[in-house]
Every structure is written in C-alpha cells, then in structure tokens.
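In: Need coordinates for the following:
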Amino acid sequence: MVVQRAEGLEGSLGELRRTGEKLGQRLVPGVDAFEACVGKMFEVIDAAKTTPQPSDETTLSALVEPLMQEMEIVSEMKDGVGSNDLLEAHVVTLGDAVLAFGWVTEFDDPVTYISGIVETTGKSSASLKAKSERGDTVHAEFADAVMTILEEILLLVKTNYPKGLAFK
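Out: Numbers count the residues shown, from 1 in each chain. Predicted coordinates:
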C-alpha cells in the first residue's frame with residue numbers, strides 16, 4: 001500500500017476515462033493503456049519491495065516489462081495519428097505523459113525525470129486548452145486530467161521514491 005495508492009489518482013483516472021470516452025472510441029484504447037500503466041506502475045513498486053536491487057539490465061527489464069508493454073501501446077497510438085487528425089493533440093498529450101512511468105528505471109533522480117515529462121506534457125496540453133477556448137470544454141478537461149495524474153505521480157515519487165524504487 002503506497003500512500004493509499006496515491007489517493008487522488010482514482011478520481012483523476014475516472015476523469016480521464018470520462019473525457020476520453022466523450023471524445024470518441026478512437027481514443028479509448030490509449031486511455032485504457034494509460035490507465036493500465038498506473039496499475040502496472042504500482043505492481044512494479046510492490047514487486048520491488050520483495051526483490052533485491054537488480055544487478056543487471058536484463059533483471060530490471062524483466063521486472064518492468066509489463067509496464068513497458070502498456071506504455072508502448074500509447075506510444076504506438078501517438079505514432080499512428082496524422083498531423084491533421086482531430087484527435088492528434090489528445091494522443092500527443094497522452095504519448096508525452098506516458099513517458100513519466102519510465103521513472104521506475106531511474107535510480108539517480110526520478111523526480112527530475114518526471115518533472116521534465118510534466119513540462120513537456122504541459123506544452124502539448126496547452127494546445128488542447130486552446131481548442132476549448134474555441135468551443136467544447138472537454139479538450140481542457142482531458143488535458144487537466146492528464147496533467148493532474150502526472151502531478152500526482154510526481155508527488156508520489158517525490159514523497160516516497162526520490163532516489164528511485166525501494167528494493168528489498
């Protein structure tokens with residue numbers, strides 16, 4: 001139980017799901033995979049508690065592989081949208097944000113790593129907020145949900161894992 005599984009995360013994930021569904025079925029697989037990343041991140045955190053610090057990259061890769069597979073689904077969606085696609089900004093924002101889950105492989109300074117992702121994702125989410133200024137607020141709601149999730153993950157890592165995962 002890591003800080004009650006980052007208390008606000010469930011509500012933010014619900015908001016992401018609600019706005020993703022409202023935006024259309026093409027976005028749902030990316031939202032599903034992003035949400036799965038949160039669960040896989042907690043599985044990695046829990047597994048680390050009972051696992052000695054990996055001595056090589058192969059051992060670490062095996063531990064984080066299920067998380068990386070979910071991250072890849074979101075990344076592939078990002079690569080698959082056209083520049084004039086209506087959902088492009090949403091997929092780019094998710095694709096930028098999903099990189100934050102890579103903190104589990106950062107042992108020196110995961111806080112700085114995630115902070116960089118928050119900054120990058122903030123730029124892509126700004127275009128979603130601009131769309132909301134011209135009409136439907138669901139774009140800003142989606143962007144806000146993504147950013148809130150990232151901020152909650154950053155707080156979780158700052159508070160509990162400033163030097164990386166806590167291995168046995």
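In: ok, residue 14 - how many residues close by?
Out: Residue 14 has 12 neighbouring residues, counting by other C-beta atoms under 10 Å. Using the backbone N, CA and C atoms, a C-beta is placed for each residue, glycine as well.
In: can you give me the offset of the host helix or strand of it from its chain's centre?
Out: Taking DSSP states H and E as the definition, one finds residue 14 inside helix 9-23. Distance of helix 9-23 from the chain centroid (C-alpha atoms, centre = their mean, to the nearest Å) equals 13 Å.
In: got a list of contacts for it?
Out: 27-28, 30-31, 34-35, 38, 87, 90, 138-139, 141-142, 144-146, 148-149, 152-153 (C-beta atoms under 8 Å, 6 or more residues apart in numbering).
In: Could you pull out the buried residues of it?
Out: 9, 12-13, 15-17, 19-20, 23 (16 or more other C-beta atoms under 10 Å).
In: In this structure residue 110 contacts residue 161, no?
Out: Yes - using C-beta atoms under 8 Å, residue 110 is in contact with residue 161, at 6.1 Å.
In: between these two, which one's more packed in?
Out: residue 110 (23 against 19).
In: mind listing the helices in the protein by residue range?
Out: 3-6, 9-23, 28-49, 57-79, 88-97, 110-133, 138-160 (DSSP state H).
In: Name the helix or strand of the protein that has the lowest mean pLDDT.
Out: helix 3-6 (a mean of 50; mean pLDDT, DSSP states H and E).
In: distance of the residue nearest in space to the middle of the chain from residue 76?
Out: The residue lying closest to the centre of the chain (C-alpha atoms, centre = their mean) is residue 98, at 3.7 Å. Using C-beta to C-beta, to the nearest Å, one obtains 11 Å as the distance from residue 98 to residue 76.
In: Any stretches of this protein with poor pLDDT?
Out: 1-7, 80, 82-86 (pLDDT under 70).
In: mind redoing it with 80?
Out: By pLDDT under 80, the weakly predicted segments of the chain are 1-8, 78-87, 131-136.
In: In contact with residue 63, which residues are there?
Out: Applying C-beta under 8 Å, 6+ apart, the residues contacting residue 63 are 44, 47-48, 51, 54.
In: try it again with 10 Å
Out: By C-beta atoms under 10 Å, 6 or more residues apart in numbering, the contact list for residue 63 reads 43-44, 47-48, 51, 54, 104-105, 165, 167.
In: Taking the residues you listed together, which two end up most distant?
Out: 43 and 54 (15.6 Å; C-beta to C-beta).
In: Pull out the buried residues from the contacts of residue 63.
Out: Buried among the contacts of residue 63 by 16+ other C-beta under 10 Å: 44, 47-48, 54, 104-105, 165.
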